[in-house]
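Chemist: Predicted structure and sequence below. I'll ask about it afterward.
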Amino acid sequence: MNTMNRGAVGLMLILFGAAAVPTDASAQTLTTLHSFPAAPGDGAGPSGRLIADAAGNLYGTTFGGGGDKSYGTIFKLTPTGAESVLHRFNGSDGAGPQAGLIADAAGNFFGTTKYGGLNYGTVFKLTLNPDGTYSHRILHNFTGYPNDGAAPDGLIADATGNLYGTTTAGGASACGDFGCGTVFRLTPNLDGTYTETVLHSFAGTSDGWYGGPDGQYPFSGVIADAAGNLYGTTFYGGGSGCAGYGCGTVFRLTANPDGTYSESVLHSFTGDRDGAAPTAGLLADASGNLYGTTTAGGGARTCVDGCGTVFKLTANPDGTYTESVLHSFAGDSDGQTPYAGLIADGVGNLYGTTYAGGLIAPGCFGWCGTVFMLTPRGTLAVLHRFDSSDGANPLGGLMADVAGNLYGTTSFGGSNNFGSVFKLTVSATFNGVPGMANCTGQSSSFLATQFGGLAPAATALGFASVTDLRNAVAAYCSGQ
């Protein structure tokens with residue numbers, strides 16, 4: 001099973017001192033790697049997270065573009081910036097790939113389309129051929145309410161090749177005849193086909209609508225722990241708040257010895273200062289604590305229903321969870337409406353995107369969106385504010401390389417206003433103020449306190465020695 005992890009591998013630099021982080025981090029450098037569409041037949045509107053191979057090639061999906069019908073694409077972007085379309089969807093083989101991809105050891109890709117196939121979405125495999133081309137195959141056609149899911153989200157895989165995911169709609173409960181959503185598994189068979197099992201159908205109210213104690217409408221995939229338990233979020237449900245729809249939930253599916261799963265709601269959001277309406281999946285740390293975002297709630301009055309939050313669910317010894325709001329977005333330049341999930345670095349900083357907030361510019365849906373970092377002490381730094389020319393309104397989450405660079409997509413903006421792929425180079429910044437007499441001492445003291453000494457700080461931050469760390473601090477403080 002792809003067990004719960006901290007998300008980003010190798011983000012070893014502490015980017016800002018946690019005790020005195022500026023709310024505006026202007027030292028970062030964003031590079032637009034690709035603007036969609038670059039040519040006829042190119043994709044448009046990427047909304048999923050990227051993945052990378054060992055050579056540094058990036059792979060992703062676009063919800064639209066690819067031809068006259070604009071059913072979406074799967075693309076590859078090389079380190080030199082050359083983009084190629086690996087597959088163009090035609091409707092019958094799927095349409096509207098909204099989530100990112102996962103890959104196996106052989107370089108094959110797996111993913112989902114929100115619609116197409118039999119009109120309810122698909123799970124597909126893109127097989128790498130010996131000549132470097134790819135062949136597309138549908139692994140499952142969803143059939144919708146009441147017997148199957150509809151509109152699938154992202155996937156994860158276990159060690160035996162089983163695929164797990166959610167569908168936003170479909171399932172056995174009505175929710176207005178669309179279905180409340182499902183969690184499913186696809187099991188590979190010896191003949192290369194896959195068999196689907198619905199592990200859980202989310203339930204609405206007794207009269208077939210939204211609300212009630214169970215969740216409804218999961219908009220993202222699940223993560224898994226070492227025992228095979230699955231964790232995720234739902235946009236609605238969890239109670240009668242948020243105009244009767246429920247403000248959303250965090251749920252767990254516990255794997256039973258007989259192969260079935262039992263669902264439990266770990267947290268029901270209440271709106272207002274608590275979060276509401278989560279659309280992203282979860283991140284987990286080694287202690288089993290869960291981290292995520294909500295698109296609304298948080299208490300800010302600059303947004304009608306709140307501007308969204310970053311939250312933590314702390315695992316208690318008795319198996320319950322306690323929620324705490326790590327940051328409530330304030331809107332405007334601070335950012336608002338984080339649709340995507342989080343990644344983390346080696347010292348506990350969280351990174352994500354907001355769909356709105358930041359700057360207002362032509363070509364954006366109002367505000368253009370941001371990339372942010374949240375320190376373990378709860379201080380948020382805006383790493384970048386999009387301005388449409390370099391991208392706008394990111395829907396997908398981030399990925400990181402071993403050097404600490406962040407990569408992502410925007411659904412709009414770029415040179416053609418149909419979205420972009422970007423790279424954000426994050427510069428290391430220490431705690432002191434350059435040019436001030438106490439800059440070196442303040443920075444060194446903070447690092448020693450934060451990491452339990454300068455030697456552990458040097459190791460955690462990727463410096464070869466304490467001397468190299470001291471030289472970096474001195475260079476920073478002198479303004480070099």
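Modeler: Yep, that arrived. Numbering: from 1, shown residues only.

Chemist: residue contacts, R385?
Modeler: With contact set as C-beta atoms under 8 Å, 6 or more residues apart in numbering, R385 has these partners: S333, G358, L359, C368, G369, T370. C-beta coordinates here come from the backbone N, C-alpha and C atoms, glycine included.

Chemist: Can you verify my assumption that the fifth one contacts G358?
Modeler: Yes - the pair G369 and G358 qualifies as a contact (C-beta atoms under 8 Å) at a distance of 5.6 Å.

Chemist: Pick out whichever of those two has more residues nearby.
Modeler: G369 (33 against 27; other C-beta atoms under 10 Å).

Chemist: So for the more buried one, what's the pLDDT?
Modeler: Here the pLDDT value assigned to G369 is 98.

Chemist: any shared contact partners between G369 and G358?
Modeler: Shared contacts of G369 and G358, defined by C-beta under 8 Å, 6+ apart, comprise G335, R385, F386.

Chemist: Select from those residues every entry located in strands.
Modeler: Among the shared contacts of G369 and G358, the members found in strands (DSSP state E) are R385.

Chemist: what sits against A315?
Modeler: Taking C-beta under 8 Å, 6+ apart, we find A315 in contact with S287, G288, N289, L290, Y321.

Chemist: Test of understanding: give the bridge partners of the fourth one.
Modeler: What it means is L290. A284, L313 (DSSP bridges).

Chemist: Tally up the residues packed near A284, please.
Modeler: Counted with other C-beta under 10 Å, residues neighbouring A284 total 22.

Chemist: err, D272, not the other one
Modeler: D272, neighbours per other C-beta under 10 Å, totals 16.

Chemist: element containing the residue nearest to it when sequence neighbours are not counted, please.
Modeler: Using C-beta to C-beta, 6 or more residues apart in numbering and skipping the chain neighbours, the partner closest in space to D272 is G299 (5.9 Å). Using DSSP states H and E, G299 sits in no helix or strand.

Chemist: List the contacts of G299.
Modeler: Neighbours of G299 in contact, by C-beta under 8 Å, 6+ apart: D272, R273, G306, S328.

Chemist: In strands, which of the residues you listed appear?
Modeler: Counted as lying in strands by DSSP E, out of the contacts of G299, are S328.

Chemist: Report the lowest-confidence entry in the contacts of G299.
Modeler: Lowest model confidence among the contacts of G299 falls on D272, which carries 87.

Chemist: Identify the residues contacting it.
Modeler: Contacts of D272 (C-beta under 8 Å, 6+ apart): G297, G299, G306.

Chemist: Same check on N141?
Modeler: G117, L118, Y120, T122.

Chemist: Name the member of those residues with the most neighbours.
Modeler: T122 (27 neighbours).

Chemist: Okay, helices next: where are they in this structure?
Modeler: Ranges of helices in the chain, per DSSP state H, are 439-451, 454-460, 466-477.

Chemist: Can you tell me which of the ones you listed is nearest to A159?
Modeler: Checking the helices of the chain against A159 by C-beta to C-beta gives helix 454-460 as the closest, at 30.4 Å.

Chemist: what about G221, how many neighbours?
Modeler: By other C-beta under 10 Å, the residues close to G221 number 25.

Chemist: so it touches G154, yeah?
Modeler: Yes - contact status for G221 versus G154: in contact at 3.5 Å, counting by C-beta under 8 Å.

Chemist: Need the overlap of contacts for those two.
Modeler: Common neighbours of G221 and G154, using C-beta under 8 Å, 6+ apart, are A99, G165, G281.

Chemist: follow-up on the earlier one: what's the closest of the helices of the chain to S92?
Modeler: For S92, the closest of the helices of the chain is helix 454-460, at 51.4 Å, according to C-beta to C-beta.

Chemist: Show me how far that closest one is from its chain's centre.
Modeler: Relative to its parent chain, helix 454-460 has a centroid offset of 30 Å by C-alpha atoms, centre = their mean, to the nearest Å.

Chemist: same deal with stretch 256-267?
Modeler: Between the centre of stretch 256-267 and the centre of its host chain there is 24 Å, according to C-alpha atoms, centre = their mean.

Chemist: buried sites along it?
Modeler: Neighbour-count burial for stretch 256-267, counted by 16 or more other C-beta atoms under 10 Å, picks out Y261, E263, V265, L266, H267.

Chemist: Just give the nearest non-adjacent residue to the last one, would you?
Modeler: Setting aside the residues directly before and after it, H267 is nearest to V250 in space (C-beta to C-beta, 6+ apart), at 4.4 Å.

Chemist: Count the residues that sit near the one you found.
Modeler: V250 has 25 nearby residues by other C-beta under 10 Å.

Chemist: Now do it, the pLDDT please.
Modeler: Looking at V250, its pLDDT is 98.

Chemist: Repeat that for C439.
Modeler: 71.

Chemist: Then F463?
Modeler: At F463, the pLDDT value in this model is 75.
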